[in-house]
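Q: predicted model, plus sequence, below.
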Amino acid sequence: MMDLDLAPLWLTCRLAATTTLILLLLGLPLAAWLAHSRSRLRPLVETLVAMPLVLPPSVLGFYLLLALSPAHAPGAWLRDALGINLVFSFAGLVTGSVLFSMPFMVQPVAAALSSLPPSLREAAHTLGKSRFSTLLRVELPCVRPALIAGVVMSFAHTVGEFGLVLMLGGNIPGVTRVASIAVYNEVEALNYPAAHAYAAILCLFSFAVVLLVHLQRRRAEPV
């Protein structure tokens, strides 16, 4: 009976859950701003948010590695002023994952919010609701399918990360060795049974995520 190390799987779930929670806190206000703002900076921000969709993960991981390393100014400031080291750490993985999965949270929610009639927000403001209260209690309930899709896809995309995780976090057991890295390690060691086990778990998870998104979309379609 194969003794499979479950630590990479638990670490992957922890990373994906933490990343998704942060994306909810940061991504929803950003999505609302992109949906309603008329600022000249909006195209620039939209482009920056969407870049991880076409940018190789290793490229983003490389530049984050340079920026966050104590050998360079941002990383040195974080270490000296705040005592934070983001390179080859779980916190660094979270930072990179938030940036890399940002479009999967922001884009569907922003598109759904922009499709809502402006009269909905105007009515809420007339009743004395603040912008935040309007977003939280009026708009988001109306775009719940898009919100659920954003949450599910952000979680799933983080689970499947490889290049960025390897570049920024390395391969430290119990710290940065997530499931995708574990598959790579087992293949390198010619331990194919363990690699099959990790890969099968990730395949089943991916299938469940895609199925859930499709079912949610079908439920949201008008009859």
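A: That came in fine, so what should we check first?

Q: for the least confident helix or strand in the chain by mean pLDDT, name the packing helices and strands.
A: Least confident helix or strand of the chain, by mean pLDDT, DSSP states H and E, is helix 118-126 with a mean of 77. Judged by 3 or more C-beta pairs under 8 Å, 6 or more residues apart in numbering; DSSP states H and E, helix 118-126 is in contact with helix 131-134. All C-beta spots, glycine's among them, are computed from the backbone N, C-alpha and C.

Q: helices of this protein, start to end?
A: Taking DSSP state H, the helices of the chain run over residues 7-36, 42-50, 57-68, 73-77, 90-114, 118-126, 131-134, 140-142, 144-159, 163-169, 179-188, 192-220.

Q: adding mean neighbour count, write those out as a markdown table.
A: As requested, the helices of the chain are exported to a markdown table (neighbours: other C-beta atoms under 10 Å):
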| stretch | mean neighbour count |
| --- | --- |
| helix 7-36 | 19 |
| helix 42-50 | 13 |
| helix 57-68 | 18 |
| helix 73-77 | 14 |
| helix 90-114 | 23 |
| helix 118-126 | 13 |
| helix 131-134 | 14 |
| helix 140-142 | 14 |
| helix 144-159 | 21 |
| helix 163-169 | 23 |
| helix 179-188 | 20 |
| helix 192-220 | 14 |
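
Q: now those helices in a markdown table, with distance to Gly83?
A: Output for the helices of the chain, formatted as a markdown table (distance: least, C-beta to C-beta, whole Å):
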| stretch | distance to Gly83 |
| --- | --- |
| helix 7-36 | 20 |
| helix 42-50 | 29 |
| helix 57-68 | 14 |
| helix 73-77 | 11 |
| helix 90-114 | 12 |
| helix 118-126 | 42 |
| helix 131-134 | 32 |
| helix 140-142 | 36 |
| helix 144-159 | 26 |
| helix 163-169 | 19 |
| helix 179-188 | 27 |
| helix 192-220 | 34 |
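
Q: in contact with the spatially most central residue of the chain, which residues?
A: Nearest to the geometric centre of the chain sits Ser101, at 3.1 Å (C-alpha atoms, centre = their mean). Shown in contact with Ser101 (C-beta atoms under 8 Å, 6 or more residues apart in numbering): 19-20, 23, 52, 154, 157-158.

Q: including pLDDT and distance to Leu164, could those go into CSV?
A: Shown next, in CSV, are the contacts of Ser101 (pLDDT from 0 to 100; distance: C-beta to C-beta, whole Å):
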residue, pLDDT, distance to Leu164
Thr19, 95, 11
Thr20, 94, 16
Leu23, 95, 15
Pro52, 91, 9
Ser154, 92, 14
His157, 90, 11
Thr158, 92, 10
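
Q: and which of those is nearest to Ala81?
A: Nearest to Ala81 among these, counting by C-beta to C-beta, is Thr19 at 24.6 Å.
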